[in-house]
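[1] okay, here's the prediction I keep looking at, along with the sequence it came from:
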Amino acid sequence: MPDPIKKNARKKNVSYAKWGYIFLLPFFITYIIFSFIPLVTTIYNSFFENYMSGLKQIGPNFIGLDNYKAILGSDLLKFTQNTLILWIIGFVPQIIISLLLAVWFTSTRLRLKYTGFFKTIIYMPNLIMAASFAMLFFALFSDSGPINNLLISMGILGKPFRFLASIWGTRGLVGFMNFMMWFGNTTILLMAAIMGVDTALFEAAEIDGAKSLQVFTKITIPTIKPILVYVLITSMIGGIQMFDVPQILTNGRGTPDRTSMTLIMFLNNHLFSKNYGMGGALSVLLFIITAILSLLVFKSITTKSDKDGR
């Protein structure tokens, strides 16, 4: 005769594992529809000739790797170099300023007041649309804009400087805008990382007479390295995907002489002309470049961290 106590126990032992899968289902459905299927479709289209010639549709005709050969035979290397230069110009001051601000705002020695107000102020540019930011800088730094008028009235310049006709003037503006838009977000991330460090480490270093620079290089940087890796990789991916600021600032032409033409601007030109085969091939190449660079950065930093740990 079955034991009624064990029978009731089996009834009460309800498995909730299925609910976990049910809650995960919306994510996987969204990912498959909006990410996985477009990715597979892009790879598939990259092997076809498919574009508009006037009002006539050419293709889709299977051409194998011809789209990839055409992309690699174009100015892809030049646009890749442009993209990396624009990213470096914006990222280097961004990470330096963000680290300094994060350390100052979280320092127990300085105990700065009104940090909440300052954090709000530095984060505000991140809330402004990049298109609005680019239009603002286009007006400020135009040949007859306020910046040139101010520099001439101060006697620094004798005639207007054509920022948008200068290679490094245009690149500098793009880098400065990217710095302004993202350094607040990076500062908040680094502050969260530093605040997660055990305060006993800083107190022990202070008792031992360590200077601020020693605390920063020996304690702060090594302990927040995972967040630094995250910031570096996400910023690099964002840099490769840079589009809106240089697109609006140069009216989509990458002037002067396409020295500010980024990879995504190059991709947009193919999509605008409805050359979906070439656009698909370039998208696949961008995906491969992004994956390789991210893996290299991650492996180099984590490998160095492991060696230091030993």
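    Alright, I've got the coordinates.
[2] so for the chain, the centremost residue is which one?
    Nearest to the geometric centre of the chain sits G238, at 2.2 Å (Cα atoms, centre = their mean).
[3] for this structure, which spans come out with low pLDDT?
    Along the chain, segments meeting pLDDT under 70 span 1-15, 303-310.
[4] give the buried residues for the helix or strand that the residue nearest to the centre of the chain is a member of.
    Using DSSP states H and E, the element containing G238 is helix 225-240. Buried residues in helix 225-240, counted by 16 or more other Cβ atoms under 10 Å: K225, I227, L228, V229, V231, L232, I233, S235, M236, G239, I240. (Each C-beta comes from the backbone N, C-alpha and C, glycine too.)
[5] same question for stretch 161-172.
    F161, F163, L164, G169, T170, R171, G172.
[6] same deal with stretch 281-289?
    Buried, per 16+ other Cβ under 10 Å, within stretch 281-289: A281, L282, S283, V284, L285, L286.
[7] likewise for stretch 58-72?
    Within stretch 58-72, the residues that count as buried by 16+ other Cβ under 10 Å are G59, I63, D66, N67, Y68, A70, I71.
[8] what does stretch 97-105 give?
    Residues I97, S98, L99, L101, A102, V103, F105 are the ones in stretch 97-105 that count as buried (16+ other Cβ under 10 Å).
[9] closest to T259 among the buried residues of helix 225-240?
    G239 (16.2 Å; Cβ to Cβ).
[10] let me see the contact set for the nearest residue to I43 once chain neighbours are set aside.
    Leaving aside its chain neighbours, I43 sits nearest to V284 (5.8 Å; criterion: Cβ to Cβ, 6 or more residues apart in numbering). Listed by Cβ atoms under 8 Å, 6 or more residues apart in numbering, the contact partners of V284 are T42, I43, S46, Y68.
[11] okay, how far is it across stretch 29-47, tip to tip?
    The stretch stretch 29-47 measures 27 Å between its terminal residues, going by Cα to Cα, to the nearest Å.
[12] nearest to T83 among the buried residues of stretch 161-172?
    Using Cβ to Cβ, the buried residues of stretch 161-172 come closest to T83 at R171, 10.9 Å.
[13] can you tell me how far the closest one is from K218?
    Relative to K218, R171 is positioned 36 Å away (Cβ to Cβ, to the nearest Å).
[14] same thing with I33?
    When I33 is compared with K218 (using Cβ to Cβ), they lie 48 Å apart.
[15] go through the lengthiest helix in the chain and flag the buried ones.
    The longest helix of the chain (DSSP state H) is helix 276-309. The neighbour-count check on helix 276-309 (16+ other Cβ under 10 Å) flags 276-286, 290, 293-294, 301 as buried.
[16] how about the helices in the stretch 101-250 of the chain?
    Assigned by DSSP state H, counting those that start in this stretch, the stretch 101-250 of the chain shows helices spanning 115-123, 130-140, 146-153, 167-195, 199-207, 212-215, 221-223, 225-240, 244-249.
[17] and the second one, which residues are buried?
    Buried residues in helix 130-140, defined by neighbour count with 16+ other Cβ under 10 Å: A130, F133, A134, F137, F138.
[18] tilt between that helix and helix 146-153?
    Helix 130-140 runs at 30 degrees relative to helix 146-153, counting by axes from the mean of the first three to the mean of the last three Cα atoms, to 10 degrees.
[19] relative to helix 167-195, how tilted is helix 130-140?
    Going by the same axes, to 10 degrees, helix 130-140 makes 130 degrees with helix 167-195.
[20] list of residues touching helix 130-140?
    The contact list for helix 130-140 (Cβ under 8 Å, 6+ apart) reads 125, 145-147, 164, 173, 176-177, 180-181, 244-245, 247-249.
[21] ok, those residues vs L112, which is closest?
    When those are compared for distance to L112 (Cβ to Cβ), P125 wins out at 20.6 Å.
[22] how about the contacts made by the closest one?
    P125 makes contact with F133, M180, M181, G184 under the criterion Cβ under 8 Å, 6+ apart.
[23] apart from its neighbours in sequence, what residue is nearest the second one?
    To tie it back to what came earlier, the one meant is M180. Nearest to M180 is P125, by Cβ to Cβ, 6+ apart, at 5.0 Å.
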